[in-house]
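Engineer: next input, structure requested:
(chains A and B)
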Amino acid sequence: MSDLKEKAIHGLFMFNGLLVVIVLVGIFALLVGTSIPAFREISLKEFLFTARWNPTSYVRTQYGIGAMLVSTAMVTIGALVIAFPLGIGTAAYLSDIASPRVREIAKPIIEILAGIPSVVIGFLGIVLVGPAIARLFNIPNGLNALNGSFLLAIMALPTIISISEDALKSVPKSFTEASLALGSTHWQTIVKVKIPAAASGIFASCMLGMGRAIGETMTVLMATGCAPAMPHGFLDSVRTMTSTIAIELGEVPYYTTHYYALFGVGLVLFIITFLVNMISDIVLRKYQIKVR
Amino acid sequence: MKKYRKSIAMATLALFAFSGMAGAREMIQIKGSDTLINLVQKLAEEYMEQKSGVAIAVTGGGSGTGIAALMNKKTDIANASRLMKPKEVTRAMDRGITPKRVVIAMDGLSVIVNGSNTVEGLTMDQIGKIFRGEVTNWSEVGGEDLPITLYGRQSNSGTFVFFRDVVLKGDYASAMRRMNGNSQIVEAVKADKTGIGYVGVGYVKNAKGVNVLKVAAYAGAPYASPLDSQDVKSGKYPIARPLNQYLNGAPEGKVRDFILFELSPEGQRTVEEEGFFPIPKEYIEFNKKSVGL
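Structural biologist: Numbering: from 1, shown residues only, chains lettered A, B, ... in the order given. Presented below is the predicted three-dimensional model:
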């Protein structure tokens, strides 16, 4: 009897574990299945390698995601460039320098930062960061890629900080002791010994932060101006893949080329985030073996 | 202290009674145009004050979103600042929905520039060229030597479609910033010396820091302002447009009652208070023909 119960519980847990896989595969299958009809009318070459996306054009419909891909890449990379040094710095401070009391206060605050709804961050982008950028660079309007990058950096920071801190903490104590015993200063120990030793964990944290930034929708929709032109710099307005889907899916007539093409955009987005997460996972695993 | 406690208890009780009542209320769902949302919200509030038995929920999202919701039977009334496209009508008919149109107000779609801009009027042709991206400097249309920054709406907006079809007759410049709503355009143009945008007249009647341009139908035609109700009513202002509500079939019961209120002198007074214009005779006739109201 208890054997049967054991087996039932075993099965239940296995089902729970598998459920996530099933959901993931299901989403992938849905995206592929729904986007395939789009390519009966759009060539894959046009879809991936032309810049203009204008499915509701007055003149001629165009389905190129080039400008969107560049826009998404720009805000994401911009976010990482801002968040990376800040995140590593904070992580190093929390793991090596801060007193236990400061750490106890700071860590929950960082976690709260992760919980701020993206629409609130977007709101800050419109009323605070945008006007500040406009003044700083003396440009007419601050709704641009830089604004998006800055806001996404704020959103990626908690991920980067907490995973980097874990990585720094799991660097064996003997490394630090050896370094200090050889006469290095605290600063040298952190920068030249600990951070390199934790490099793969830190890299993985950035990739995860990046995964968060790529998929973010509401913030970029509100704060980047959403002009579909190919951007020429960070002070240009951009329109990411996520905001395009968010704007257009609400009004698109179902089962039309435009509808299928939007799922195609979703598929591209899915593949990118999947790759980013996979790379971070591989790097993280490699790192764990090395330390042991 | 005791007194307070008593009043809190009373308030709680009232709240319960109220929520109980809400359960028995009849609901009307209204969805769509962001140009119409403030006006219809106001009309709904006034109506609900008079008739306690009805609850009206007004949400935005754009004309396209409202029309899509009507087709999917997710809303009773769709607010639309543009007409339904023939394709949309066929698609609705296929799904067993008979879209009926009611005109509830007139809008002089306003072209706005920053308060410091010296340009006072433009022709339709010039506006079209500016938004198509063919004219990119204010000096080309009689202003200062400054680049032009475009502000418009997103493609789910009826105003986006109306302005494109009536004024541009072509595609928007891809550099145009796609803003989330009328107010965001007003705010952006207010802050931007080089900006130009288009919004429903209800959003600029009392706005400071922006100039509402006068528009001429063609070069040499007289300029007219959307702020002048005579010019909008007579059609002298070239981008005047009716603001519509779409229904599934001729309205009945509570929906019919609400629309009657919107079209009544009282409702039309609210339309004016919100900065739009009451419906002219031709549309009163139209409404009679369309839904018999």
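
Engineer: spatially central residue for chain B, please.
Structural biologist: Centroid-nearest residue in chain B: B:Thr35, 2.5 Å away (criterion: Cα atoms, centre = their mean).

Engineer: once you drop chain neighbours, what's closest to it?
Structural biologist: Computed as Cβ to Cβ, 6 or more residues apart in numbering or on different chains, the closest residue to B:Thr35 that is not its neighbour in sequence is B:Gly200, at 3.9 Å. No exception for glycine: its C-beta is placed from N, CA and C like everyone else's.

Engineer: hang on, B:Val255 in a helix?
Structural biologist: Yes: assessed by DSSP: H, G, I helix; E, B strand; the rest coil, B:Val255 belongs to a helix.

Engineer: list the contacts for it?
Structural biologist: B:Ile28, B:Asp76, B:Ile77, B:Leu247 (Cβ atoms under 8 Å, 6 or more residues apart in numbering or on different chains).

Engineer: distance check, the second one against B:Ala69.
Structural biologist: Put plainly, it is B:Asp76. 10 Å (Cβ to Cβ, to the nearest Å).

Engineer: okay, now A:Ala73: neighbour count?
Structural biologist: By other Cβ atoms under 10 Å in any protein chain shown, 14 other residues sit near A:Ala73.

Engineer: that one: which element?
Structural biologist: helix A:66-92 (DSSP states H and E).

Engineer: tell me which residues of whichever helix or strand comes after that helix come out buried.
Structural biologist: For helix A:66-92, the following helix or strand on the C-terminal side (DSSP H and E) is helix A:100-115. Across helix A:100-115, burial judged by 16 or more other Cβ atoms under 10 Å in any protein chain shown covers A:Ile110.

Engineer: show me what helix A:100-115 is packed up against.
Structural biologist: Other helices and strands packing on helix A:100-115, by 3 or more Cβ pairs under 8 Å, 6 or more residues apart in numbering or on different chains; DSSP states H and E, are helix A:145-169.

Engineer: how far does the helix it packs on sit from its chain's centre?
Structural biologist: 9 Å (Cα atoms, centre = their mean, to the nearest Å).

Engineer: which helices and strands does it pack with?
Structural biologist: helix A:66-92, helix A:100-115, helix A:118-124, helix A:130-137, helix A:199-215, helix A:218-223.

Engineer: can you point out the buried residues in the first one?
Structural biologist: It stands for helix A:66-92. A:66-72, A:74-76, A:78-80, A:82-84, A:87-88, A:90-92.

Engineer: returning to what we had before: now the angle between helix A:100-115 and the helix holding A:Ala73, please.
Structural biologist: Comparing the axes of helix A:66-92 and helix A:100-115 via axes from the mean of the first three to the mean of the last three Cα atoms, to 10 degrees yields an angle of 160 degrees.

Engineer: any idea which helix or strand carries the residue in chain B positioned nearest to chain A?
Structural biologist: Going by Cβ to the nearest Cβ, chain A is nearest to B:Gly64 of chain B, at 3.1 Å. If you go by DSSP H and E, B:Gly64 is part of helix B:63-71.

Engineer: which strands and helices sit next to that helix?
Structural biologist: Packed next to helix B:63-71, using 3+ Cβ pairs under 8 Å, 6+ apart, are strand B:26-32, strand B:77-80, helix B:86-94, helix B:158-163, strand B:240-248.

Engineer: highest average neighbour count across the ones you listed?
Structural biologist: The highest mean neighbour count among the helices and strands packed on helix B:63-71, using mean count of other Cβ atoms under 10 Å in any protein chain shown, belongs to strand B:77-80: a mean of 29.

Engineer: mean confidence (pLDDT) on stretch A:223-239, please.
Structural biologist: Averaged across stretch A:223-239, pLDDT comes to 92.

Engineer: buried ones in that stretch?
Structural biologist: Using 16+ other Cβ under 10 Å as the test for burial, stretch A:223-239 gives A:223-231, A:234-239.

Engineer: which ones among those also lie next to chain B?
Structural biologist: The subset of these within reach of chain B, by Cβ under 8 Å from any Cβ of the partner chain, is A:Gly225, A:Cys226, A:Ala227, A:Pro228, A:Ala229, A:Met230, A:Ser237, A:Arg239.

Engineer: thinking again about what came up before, can you count the residues close to the residue of chain B closest to chain A?
Structural biologist: As a burial measure, B:Gly64 scores 29 neighbours (other Cβ under 10 Å).

Engineer: now do the same contact list for the spatially closest residue to it that is not a sequence neighbour.
Structural biologist: Closest residue in space to B:Gly64, ignoring its immediate chain neighbours: A:Glu251 at 3.1 Å, by Cβ to Cβ, 6+ apart. Contact analysis of A:Glu251 by Cβ under 8 Å, 6+ apart lists B:Gly62, B:Gly64, B:Thr65, B:Ile67, B:Ala68, B:Ser155, B:Asn156.

Engineer: low-scoring stretches of the stretch 151-292 of chain A, by residue?
Structural biologist: Residues of the stretch 151-292 of chain A that meet the criterion pLDDT under 70 lie in A:287-292.

Engineer: hmm, back to that, report the angle between the helix holding A:Ala73 and helix A:145-169.
Structural biologist: 40 degrees.

Engineer: report the angle between the axes of helix A:66-92 and helix A:199-215?
Structural biologist: Taking the same axes, to 10 degrees, one finds helix A:66-92 and helix A:199-215 inclined to each other by 140 degrees.

Engineer: mind listing the helices for the stretch 151-293 of chain B?
Structural biologist: Assigned by DSSP state H, counting those that start in this stretch, the helices in the stretch 151-293 of chain B fall at B:158-163, B:182-191, B:229-234, B:253-263, B:265-273, B:281-291.

Engineer: turn those helices into a markdown table, columns for mean pLDDT and distance to B:Arg95.
Structural biologist: A markdown table is the format used below for those (pLDDT from 0 to 100; distance: least, Cβ to Cβ, whole Å):
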| stretch | mean pLDDT | distance to B:Arg95 |
| --- | --- | --- |
| helix B:158-163 | 92 | 21 |
| helix B:182-191 | 92 | 30 |
| helix B:229-234 | 85 | 35 |
| helix B:253-263 | 92 | 19 |
| helix B:265-273 | 93 | 30 |
| helix B:281-291 | 89 | 20 |
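
Engineer: give me whichever of the ones you listed is most buried.
Structural biologist: Buried most deeply of the helices of the stretch 151-293 of chain B, by mean count of other Cβ under 10 Å, is helix B:158-163, with a mean of 25.

Engineer: name the surrounding residues that touch that one.
Structural biologist: A:56, B:32-35, B:62-64, B:80-82, B:109, B:131, B:152-155, B:172, B:182, B:198-200, B:239, B:241.

Engineer: can the ones next to chain B among the buried residues of stretch A:223-239 go into TSV with extra columns for secondary structure?
Structural biologist: Below are those laid out as TSV (three-state DSSP):
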residue	secondary structure
A:Gly225	strand
A:Cys226	coil
A:Ala227	coil
A:Pro228	coil
A:Ala229	coil
A:Met230	coil
A:Ser237	coil
A:Arg239	coil
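
Engineer: can you get me a residue count around residue 33?
Structural biologist: Assuming you mean chain A. Quick note: A:Gly33 (other Cβ under 10 Å) scores 12 neighbours.

Engineer: that's the wrong chain, I wanted chain B
Structural biologist: Other residues lying near B:Ser33 total 31 when counted by other Cβ under 10 Å.

Engineer: then the one 4 residues further on?
Structural biologist: Applying the criterion other Cβ under 10 Å, we find 21 residues in the vicinity of B:Ile37.

Engineer: identify the residues contacting the closest residue to it other than its chain neighbours.
Structural biologist: What sits nearest to B:Ile37 in space, not counting adjacent residues and going by Cβ to Cβ, 6+ apart, is B:Gly60, at 4.4 Å. Applying Cβ under 8 Å, 6+ apart to B:Gly60 gives the contacts B:Lys31, B:Gly32, B:Ser33, B:Asp34, B:Ile37, B:Gly181.

Engineer: pretty sure the fifth one sits against B:Ser63.
Structural biologist: No: checked against Cβ atoms under 8 Å, the pair B:Ile37 and B:Ser63 is beyond contact range at 10.7 Å.
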